[in-house]
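S.K.: Sequence and predicted structure are below.
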Amino acid sequence: MKKKNIASLDRANRVLTMLSRINRTIIRAESPDTLYREACRIAVECGMFRFAWIGMVDSVSGDIRLMTSHGDPCGDEASLVASGGLADVVRQSGRLCIYNDLMTLPDHMGRMELFKRGFHAMAGLPLSEDGKAIGVFLLYTDQTECFDDTVVELMHEVADDIGFSLSHILNDQRRLAAESKLYYLAFYDAQTGMPNRALLDERLPVLARRLGDMLVLDIRVHRVDKVAEAFSRPIAEGVLRSLASRLDAFRGNEGFLATLAQDEFVLVVPTPAGDAGVDVLAQDILHLVEQPLTFSGGEIFLHASVGVVRYPDQETNPAQLLRRARVAADSTGAGYGYRLYSSELDHGSEQRVQMEIELHKALERGEFRLYYQPQLNINSGHMVGMEALLQWQHPERGMLSPGVFIPLLEECGLMPQVGTWVLQTACAQAREWQDSGLPSVRMAVNVSALQFRMANLTSVVCSALKSTGLDARWLELELTESLILENAEATIGAMHELKALGVTLSLDDFGTGYCSLSYLRRYPMDRLKIDRSFVNDMIEHAGSAELVRAILAMAKALRLNTIAEGVETEEQLHYLLEQGCDEMQGYFFSKPVPPEDVRILLSNSAALPVTRKSPGD
């Protein structure tokens with residue numbers, strides 16, 4: 001009996017010490033985050049508990065979101081709490097919940113999982129404001145029968161004191177925010193509920209001091225605007241909230257997540273150990289973004305560019321961390337993947353600005369060139385068309401490919417002006433070949449989003465045809481899949497105007513966006529162009545092959561012609577032939593070439609150098 005009394009007294013003293021130290025923290029705490037973190041640490045360090053966890057009720061979803069934890073749960077904190085189910089019990093009841101012996105715990109609350117982790121008793125304290133539970137404080141111990149009346153009474157005081165402090169802090173924050181009319185919106189993004197740029201700027205120096213070595217990751221999410229255009233703005237916002245929740249769960253106890261724009265997040269985490277740690281972390285984030293996001297009508301797929309900067313190895317000024325992470329994100333090459341910052345990237349940004357200046361002068365200096373890539377009928381092997389591809393003959397850097405400068409042309413707003421030149425030059429070239437007695441082939445010209453949105457596009461096309469004398473049936477305009485989904489009714493009207501001129505329309509890069517059979521039925525298209533990424537992979541990857549087969553079947557059902565771009569091998573060509581694809585273009589026959597080389601190809605009636613497979617082969 002005496003030993004039992006001594007043990008009871010020892011437990012009461014430990015909880016009393018915990019209460020005292022938490023109260024001292026309450027006096028000093030300037031924010032709820034500090035109070036949460038210190039309360040969990042004190043609960044474990046006082047020796048009564050092995051693990052402590054605080055979660056708050058999300059005001060939007062109603063779910064309990066981990067804020068911080070301390071101790072060794074021998075596993076993932078979130079799964080531990082979920083297996084016990086105690087957080088929901090406390091939140092729903094709004095009162096202190098004690099399990100003195102987990103043998104009495106219902107099976108659905110994960111009794112065996114808790115035993116497996118070495119726990120024998122647990123307690124849940126509601127953190128209340130105005131009588132309503134806004135969070136929970138969970139405490140786990142490897143002792144049994146440790147919550148006697150004295151301990152329970154003290155724990156009530158702990159819950160009351162923390163709740164009172166929270167109310168005081170939050171009320172003070174509300175008062176200050178109301179005075180400045182910036183409550184909540186001053187520090188949190190209204191759409192995702194995550195901290196915003198203002199709070200990020202405030203926290204970065206604090207995080208730098210606390211973590212020592214840390215990573216700042218700028219996460220640019222692509223195609224969010226296309227989701228809004230294809231579906232609706234509310235659906236896009238819901239998708240972003242779901243993605244923000246994923247990233248928030250990923251950040252861990254020490255991390256920090258902020259929303260900077262509708263398509264940009266910043267994640268701050270401790271630097272992982274090992275040479276491969278950064279690579280693994282970045283790949284995990286990319287994988288997290290690429291997982292399908294569900295909404296009422298189906299699934300959405302996104303991808304991201306991630307820029308990473310190390311503190312303090314690559315930057316010691318917190319104010320410069322975000323800028324450098326953004327520079328790295330902007331330099332991911334293909335527009336997705338991740339890039340670790342290096343000083344060379346800043347030099348690349350300077351080059352980019354210089355290139356923008358040079359692009360403004362390139363057209364008036366006559367530095368642009370058109371190369372042409374043949375398009376061939378797969379069954380006959382004969383050339384049936386040419387795609388006009390813009391090149392830049394830079395005075396110092398030589399011939400530059402479209403991928404280097406076309407995105408800059410679009411950003412600078414120069415694409416409509418350059419696009420008009422491309423259309424005029426391509427039509428003139430096609431007519432010149434015809435006048436030379438060469439076989440007539442259609443001329444395919446890409447139309448950018450900026451060009452297509454111009455109110456006078458139809459008159460620009462009409463003017464190019466009239467001034468060059470090219471019959472409209474020899475001109476084909478290539479539109480991108482994402483472009484035709486913008487403002488569907490206006491787009492369909494513009495396409496009918498172009499069709500009335502007699503030109504043909506093709507859908508470029510098909511398969512990379514959101515088009516479906518129901519969408520395609522509405523648009524007056526003549527041809528589908530299968531994206532090169534599927535063609536490149538279709539021999540090695542069954543998924544790509546199946547997708548190509550499905551696209552060809554869909555096109556046939558809609559009575560649309562098909563052309564595959566990026567054909568590089570005879571095996572690819574045979575597969576396309578077997579699946580009923582009409583046309584091809586790619587390096588297997590010819591790379592893009594200057595006009596004089598096209599003249600030679602047409603003069604020689606060059607055809608596909610491949611032996612056709614008979615039906616019995």
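M.R.: Done, it's in.
S.K.: Okay, buried residues for stretch 148-159 please.
M.R.: Neighbour counts over stretch 148-159 (16 or more other CB atoms under 10 Å) mark 151, 154-155, 158-159 as buried. (Glycine included, C-beta is placed from N, CA and C.)
S.K.: same question, stretch 16-27
M.R.: So stretch 16-27, judged by 16+ other CB under 10 Å, has buried residues 16-19, 21-22, 25-26.
S.K.: Quick one: mean pLDDT for the longest helix along the chain?
M.R.: For the chain, the longest helix by residue count, based on DSSP state H, is helix 149-180. For helix 149-180, the mean pLDDT works out to 76.
S.K.: Tell me which residues touch residue 607, please.
M.R.: By CB atoms under 8 Å, 6 or more residues apart in numbering, the contact list for residue 607 reads 376, 380-383.
S.K.: Distance of it relative to residue 376?
M.R.: With distances taken as CB to CB, to the nearest Å, residue 607 is found 7 Å from residue 376.
S.K.: what do those two both touch?
M.R.: In contact with both residue 607 and residue 376: 382-383, using CB under 8 Å, 6+ apart.
S.K.: Contact partners for residue 194?
M.R.: 188, 244, 248, 257-259, 265.
S.K.: sorry, back to before: could you identify the most distant pair in the contacts of residue 607?
M.R.: 380 and 383 (9.6 Å; CB to CB).
S.K.: ok, residue 555 to residue 562 distance?
M.R.: Distance of residue 555 to residue 562, given as CB to CB: 5 Å.
S.K.: how about the residue nearest to residue 496 when sequence neighbours are not counted, secondary structure?
M.R.: Sequence neighbours aside, residue 524 is the residue nearest to residue 496 in space, at 5.9 Å (criterion: CB to CB, 6 or more residues apart in numbering). Here residue 524 is recorded as coil under DSSP: H, G, I helix; E, B strand; the rest coil.
S.K.: cool, the one 4 residues further on as well?
M.R.: Three-state assignment for residue 528 (three-state DSSP): strand.
S.K.: Correct me if wrong: residue 444 contacts residue 479.
M.R.: No: with contact defined as CB atoms under 8 Å, residue 444 does not count as touching residue 479 (11.0 Å).
S.K.: joint contacts of these two?
M.R.: Residues touching both residue 444 and residue 479 (CB under 8 Å, 6+ apart) are residue 506.
S.K.: the more surrounded of residue 380 and residue 383?
M.R.: The neighbour comparison of residue 380 against residue 383 (other CB atoms under 10 Å) goes to residue 383, with 23 against 11.
S.K.: Which element, helix or strand, includes the more buried one?
M.R.: strand 383-394 (DSSP states H and E).
S.K.: number of nearby residues for residue 103?
M.R.: Neighbourhood size, residue 103 [other CB under 10 Å]: 10.
S.K.: gap between it and residue 144?
M.R.: Distance, residue 103 to residue 144, by CB to CB: 8 Å.
S.K.: For the contacts of residue 194, could you give me a markdown table that also reports secondary structure?
M.R.: Below are the contacts of residue 194 laid out as a markdown table (three-state DSSP):
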| residue | secondary structure |
| --- | --- |
| 188 | strand |
| 244 | helix |
| 248 | helix |
| 257 | strand |
| 258 | strand |
| 259 | strand |
| 265 | strand |
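S.K.: list the contacts for the closest residue to residue 246 other than its chain neighbours?
M.R.: Spatial nearest neighbour of residue 246, chain neighbours left out: residue 288 (5.5 Å); criterion: CB to CB, 6+ apart. Going by CB under 8 Å, 6+ apart, residue 288 touches 246-247, 250.
S.K.: Show me how to select, in PyMOL, the buried members of those.
M.R.: Here is the PyMOL selection string for the buried members of the contacts of residue 288, based on 16+ other CB under 10 Å:
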select buried, resi 247
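S.K.: where does the stretch 251-400 of the chain dip in pLDDT?
M.R.: 275, 297, 333-335, 346-353 (pLDDT under 70).
S.K.: same thing but 90
M.R.: Applying pLDDT under 90 to the stretch 251-400 of the chain flags the ranges 251-254, 260-263, 272-279, 289-304, 310-365, 394-400.
S.K.: For residue 65, see how far away the most centrally placed residue in the chain is.
M.R.: Here the mean C-alpha position of the chain is nearest to the C-alpha of residue 221 (CA atoms, centre = their mean), at a distance of 2.8 Å. Applying CB to CB, the value for residue 221 to residue 65 is 21 Å.
S.K.: Then residue 17?
M.R.: Shown here: residue 17 relative to residue 65, a distance of 29 Å by CB to CB.
S.K.: Ok, residue 470 next?
M.R.: With CB to CB as the criterion, residue 470 and residue 65 are 63 Å apart.
S.K.: Next: residue 153.
M.R.: 30 Å.
S.K.: on that earlier part again, got a markdown table for the contacts of residue 288, with secondary structure and pLDDT too?
M.R.: A markdown table is the format used below for those (DSSP: H, G, I helix; E, B strand; the rest coil; pLDDT from 0 to 100):
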| residue | secondary structure | pLDDT |
| --- | --- | --- |
| 246 | helix | 91 |
| 247 | helix | 92 |
| 250 | helix | 91 |
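S.K.: sorry, back to before: what are the phi and psi angles of the residue nearest to residue 496?
M.R.: For residue 524, the backbone dihedrals are phi -80, psi 70 (criterion: degrees, to the nearest 10).
S.K.: wait, isn't it in contact with residue 504?
M.R.: No: applying CB under 8 Å as the test, residue 524 and residue 504 come out as separate, 9.8 Å apart.
S.K.: So for those two, which sits in the more crowded spot?
M.R.: Taking other CB under 10 Å, residue 524 and residue 504 do not tie; residue 504 has more neighbours (21 against 12).
S.K.: That one and residue 581, how far apart?
M.R.: Counting by CB to CB, the gap from residue 504 to residue 581 is 17 Å.
S.K.: Residue 388 too?
M.R.: For residue 388 relative to residue 581 (CB to CB), the value is 22 Å.
S.K.: which of these two has more neighbours?
M.R.: Of the pair residue 388 and residue 581, residue 581 is the one with more neighbours under other CB under 10 Å, namely 25 against 21.
S.K.: quick one, what contacts that one?
M.R.: The contact partners of residue 581, by CB under 8 Å, 6+ apart, come to 378, 530, 548, 552, 562-564.
S.K.: helix, strand or coil for it?
M.R.: Secondary structure, three-state DSSP: residue 581 is coil.
S.K.: again with residue 61
M.R.: Quick answer, by three-state DSSP: residue 61 is coil.
S.K.: was I right about residue 443 contacting residue 426?
M.R.: Yes: Residue 443 sits in contact with residue 426 when judged by CB under 8 Å, with a separation of 5.1 Å.
S.K.: Now list whatever residues contact both of the two.
M.R.: With CB under 8 Å, 6+ apart as the test, residue 443 and residue 426 both reach residue 388.
S.K.: Give me the pLDDT value at residue 457.
M.R.: Looking at residue 457, its pLDDT is 87.
S.K.: just checking, what packs against the strand holding residue 383?
M.R.: For strand 383-394, the packing partners by 3 or more CB pairs under 8 Å, 6 or more residues apart in numbering; DSSP states H and E come out as helix 343-362, strand 368-377, strand 398-400, helix 402-412, helix 415-435, strand 442-446, strand 583-585, helix 595-603.
S.K.: run the last query once more with 6 Å
M.R.: Counting contacts by 3 or more CB pairs under 6 Å, 6 or more residues apart in numbering; DSSP states H and E, strand 383-394 is packed against strand 368-377, strand 398-400, strand 442-446.
S.K.: Would you tell me which one of those strands is buried the most?
M.R.: With neighbours taken as mean count of other CB atoms under 10 Å, the helices and strands packed on strand 383-394 reach their highest mean count in strand 442-446, at a mean of 23.
S.K.: and residue 324, what helix or strand is that in?
M.R.: Element membership for residue 324, per DSSP H and E: helix 318-330.
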